[in-house]
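A.B. asks: Sequence first, predicted coordinates after that:
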Amino acid sequence: MTLSQSFTQTQLPINVLQNSVVVFSKNYLPMARINIRRAAVLLVSGRAEPMQLSDQPEPGWQLRSPSLILDIPRQIRMRVGESDRTWKPPSVSRREVLKRDGHACQYCGSKRKLTLDHVLPQSRGGRHTWNNVVTACEPCNQSKAARTPEEAKMLLAKKPKAPCHPVIAFAEQFWQQTDT
Ligand SMILES: [Zn+2]
């Protein structure tokens, strides 16, 4: 049995396992949250190293296997570079548009009876693209009808655009939470 296997098979208190560790890329970009077990495997196999965000000591967690005690920090950094996988935005679908818009009508904020609205109506040449499709509740969609938001005097919550790379989105969210 290898070291990393012995850690993955170690019985841990449930409360420790519920915690998560933030993984940074080799270039210090926060990439994802992973569970303690996966973090332990990355550390033990040498693919990642502990990382501190501040000078203050940050309490982590301790894992015990029969042969070793391993300190798991709150952040780890990959030692190896991620291969630069090509990524392109998902195609425009109801599921993806609702996800981008936080499952809320972009005109009134309602979270009920959600539909897709073409900002410039399709009947007037509007295309089915990330920049022209937003989440709208049924009442807003009906009252807007075949008009633009300006004509209908209905303001959009934000300008629609294609979702960004999931790693970038995670990084932005992470730093926002860390700044507070
Ligand atoms: Zn609405």
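C.D. replies: Right, received. Where do you want to start? Numbering: from 1, shown residues only.

A.B. asks: Please count neighbours and contacts with C-alpha atoms only from this point.
C.D. replies: OK.

A.B. asks: what's the neighbour count on the residue nearest to residue 23 when sequence neighbours are not counted?
C.D. replies: Of all residues not flanking residue 23 in the chain, residue 76 sits nearest, at 5.1 Å (CA to CA, 6 or more residues apart in numbering). Using other CA atoms under 10 Å, residue 76 has 26 other residues around it.

A.B. asks: Please tell me how far residue 76 sits from residue 169.
C.D. replies: Using CA to CA, to the nearest Å, we find residue 76 at a distance of 19 Å from residue 169.

A.B. asks: Relative to residue 26, how far out is residue 136?
C.D. replies: Counting by CA to CA, the gap from residue 136 to residue 26 is 40 Å.

A.B. asks: The two: which is more packed in?
C.D. replies: Of the pair residue 136 and residue 26, residue 136 is the one with more neighbours under other CA under 10 Å, namely 30 against 16.

A.B. asks: part of a helix, is the more buried one?
C.D. replies: No. With DSSP: H, G, I helix; E, B strand; the rest coil as the criterion, residue 136 is strand rather than part of a helix.

A.B. asks: Verify the stated contact: it with residue 105.
C.D. replies: Yes. With contact defined as CA atoms under 8 Å, residue 136 counts as touching residue 105 (4.2 Å).

A.B. asks: Identify the contacts common to the two.
C.D. replies: Listed as contacting both residue 136 and residue 105 by CA atoms under 8 Å, 6 or more residues apart in numbering are residue 114.

A.B. asks: element containing the most centrally placed residue in the chain, please.
C.D. replies: Nearest residue to the geometric centre of the chain (CA atoms, centre = their mean): residue 170, 4.3 Å. Counting by DSSP states H and E, the element that carries residue 170 is helix 166-179.

A.B. asks: quick one: buried residues of that helix?
C.D. replies: The neighbour-count check on helix 166-179 (16 or more other CA atoms under 10 Å) flags 170, 171, 174 as buried.
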